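A.B. asks: Sequence first, then the predicted structure, then my questions.
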Amino acid sequence: MRSVILSQKSIPRARLSHLPVWTRAVSGQATSAPQTLLKPKHGHLPGSPGSPLTTKLHFFNSVLEQTQIPTYRILDSAGQPIEGADIPEITKDVARKIYGDMLMLPSLDNILYNVQRQGKISFYVSSRQYDMTSYGEEASVVGSAAALEPTDEVLGQYREMGVLVWRGFGLENIMAQCLGNELDASTKGRQMPVHFGSPEYHFHTISSPLATQIPQAAGVAYAIKRDPARRGQNCAVVYFGEGAASEGDFHAGLAMASVLGGPLILFCRNNGFAISTPASEQYSGDGIASRGPGYGVDTIRVDGNDALAVYTAMKEARRRAIEGNKAVLVEAMSYRVGHHSTSDDSFAYRAKQEVEDWKKIDNPHHRFRKYLESKGWWSPEEEDSVRASQKKEVLSAFQKAEKLPKPRLDNLFLDVYDKMPWNLIEQRDELKRLLNKYGSTWEPWKSERAKFQGAGKEFEG
């Protein structure tokens, strides 16, 4: 029996404007015109007033009936446009910068991963799912960053260094934060490596706990909505992995965003493993994209290894978010070739051969490079030259940053409270007493004190 649709006249216009259409659009299914209306005695159920009434007993477990949500792709694994794909308008300069920044991430990862192993930094999470070859999430991060405006607010997780690279944050600032030296304007040496933050580049400081940035992003989007100067001009973008989507904050954030409104893009990097849990053990539904329509959020799934597809999807997501003053969910599908971080050995929970097989299946660098070469925008000779040049730049930036002292020791107590509370005053006085007693005589304290700008002299006397 055909499902029955309520008359649109009986549904408030404000309700109609929030009905999601993007997921239906990608399925190729058209919405049929209203047929036989049920009698008004059935009423309009307040929990979902736009829901058609039916006499058919029908359970479902998919957003799209009889199929999974499709994955948007433009380029095949060889970098050639797929038949029927619409190629977006993208200039040579933008395309070259996307690829150049994708190449920069492996250079940064290789250096910072190795210096962590040498004990020079405490921790490192790769921006490209670390491996000594270039496979990972560069296309997802850089491709999405290229589709944003520099003043769009970004709330990242751990792997969004590519957004800062795209925006011109600079190698000096990256190294300063990872080493926690006196030039670390992000966190003044008080935060873990790769926990960047920059008001200048509209990049909110990263937090270690999973998914906390998602409800915060809903709040940022709501603030933009309420700001006449930024409304219709900017959006907020929050990045997270599919593992973070298992946290309660994910659902709280989507609920807030869908009800309060505000231009927000939720960008999920689904790499299949979270920290050490395969996707098959994280959820049984159709990925993360299936959750968007449940919150009334326009949603798309995109091939995260296709930089051109990510760029195109993100452009459209941004348009929808800003023009509709609403949230949009983008799920970028990828595969984590490397370990989760320097604290992880992924071969403890997956076969090495599986990883080797995936390396041969897809490579975001190879795919986009071949596309650029087919356009005459890149060459093998330039590839070698750029890789060598970037490696030198990264190594030079690290060597300079390594020689700089840490910020002033009294920064330990600053920048949190307008007026320092009694417990911090007690701790500061205790540190002063200990430094005056041991700081110049006991070698461990003496050598550690020398690493700070001014050698802690602000505590003398």
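C.D. replies: Received the coordinates, thanks. Keep in mind that this is a model prediction, so the values were computed, not measured.
A.B. asks: From residue 88, how far off is residue 145?
C.D. replies: Distance of residue 145 to residue 88, given as CB to CB, to the nearest Å: 16 Å. All C-beta spots, glycine's among them, are computed from the backbone N, C-alpha and C.
A.B. asks: So those two - more neighbours on which side?
C.D. replies: Taking neighbours as other CB atoms under 10 Å, residue 145 and residue 88 compare with residue 145 leading, 26 against 14.
A.B. asks: what residues are up against the more buried one?
C.D. replies: Contact partners of residue 145, counting by CB atoms under 8 Å, 6 or more residues apart in numbering, are 101, 160, 162, 163, 166, 167.
A.B. asks: most neighbours, which of those residues?
C.D. replies: Among the contacts of residue 145, the one with the most neighbours (other CB under 10 Å) is residue 160, at 29 neighbours.
A.B. asks: Could you report the separation of it from residue 194?
C.D. replies: Per CB to CB, residue 160 is found 9 Å from residue 194.
A.B. asks: For the longest helix that the chain contains, what is the distance to the chain centroid?
C.D. replies: If you go by DSSP state H, the chain has its longest helix at helix 92-117. Distance of helix 92-117 from the chain centroid (CA atoms, centre = their mean, to the nearest Å) equals 16 Å.
A.B. asks: In PDB, list the C-alpha atoms belonging to stretch 249-261.
C.D. replies: The C-alpha coordinates for stretch 249-261 follow below in PDB (Å, rounded to 0.1, in the frame of the first residue of the first chain):
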ATOM      1  CA  ASP A 249      29.200  14.900  22.900                       C
ATOM      2  CA  PHE A 250      28.600  14.100  19.200                       C
ATOM      3  CA  HIS A 251      24.900  13.600  19.700                       C
ATOM      4  CA  ALA A 252      24.700  16.600  22.000                       C
ATOM      5  CA  GLY A 253      26.400  18.700  19.400                       C
ATOM      6  CA  LEU A 254      24.200  17.600  16.600                       C
ATOM      7  CA  ALA A 255      21.100  18.100  18.700                       C
ATOM      8  CA  MET A 256      22.200  21.600  19.600                       C
ATOM      9  CA  ALA A 257      23.100  22.500  16.000                       C
ATOM     10  CA  SER A 258      19.900  21.200  14.500                       C
ATOM     11  CA  VAL A 259      17.700  23.000  17.000                       C
ATOM     12  CA  LEU A 260      19.500  26.300  17.600                       C
ATOM     13  CA  GLY A 261      20.600  26.700  14.000                       C
END
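A.B. asks: Which positions in that stretch come out as buried?
C.D. replies: The neighbour-count check on stretch 249-261 (16 or more other CB atoms under 10 Å) flags 249, 250, 251, 253, 254, 256, 257, 258, 260, 261 as buried.
A.B. asks: Let's have the residues you listed in TSV, adding secondary structure and distance to residue 383.
C.D. replies: As requested, the buried residues of stretch 249-261 are exported to TSV (DSSP: H, G, I helix; E, B strand; the rest coil; distance: CB to CB, whole Å):
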residue	secondary structure	distance to residue 383
249	helix	41
250	helix	39
251	helix	44
253	helix	40
254	helix	41
256	helix	45
257	helix	41
258	helix	44
260	helix	46
261	coil	45
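A.B. asks: Which single one of these is nearest to residue 450?
C.D. replies: Closest to residue 450 out of those is residue 249 (41.5 Å), distances taken as CB to CB.
A.B. asks: which non-adjacent residue is nearest that closest one?
C.D. replies: Nearest residue to residue 249, sequence neighbours excluded (CB to CB, 6 or more residues apart in numbering): residue 211, at 3.9 Å.
A.B. asks: ok, that neighbour - contacts?
C.D. replies: By CB under 8 Å, 6+ apart, the neighbours of residue 211 are 240, 244, 245, 247, 248, 249, 250, 253.
A.B. asks: let's see 7 Å
C.D. replies: Neighbour list for residue 211: 240, 244, 247, 249, 250 [criterion: CB atoms under 7 Å, 6 or more residues apart in numbering].
A.B. asks: Please tell me how far the closest residue to residue 454 other than its chain neighbours sits from residue 175.
C.D. replies: Nearest residue to residue 454 in three dimensions, chain neighbours excluded: residue 408, at 5.6 Å (CB to CB, 6+ apart). The spacing between residue 408 and residue 175, counted by CB to CB, is 19 Å.
A.B. asks: Tell me where the model's unsure across the chain.
C.D. replies: Residues of the chain that meet the criterion pLDDT under 70 lie in 1-51, 53-55, 65-66, 125-136, 273-281, 336-361.
A.B. asks: Tell me which residue lies nearest the centroid of it.
C.D. replies: In the chain, the C-alpha nearest the mean C-alpha coordinate belongs to residue 239, at 2.5 Å (CA atoms, centre = their mean).
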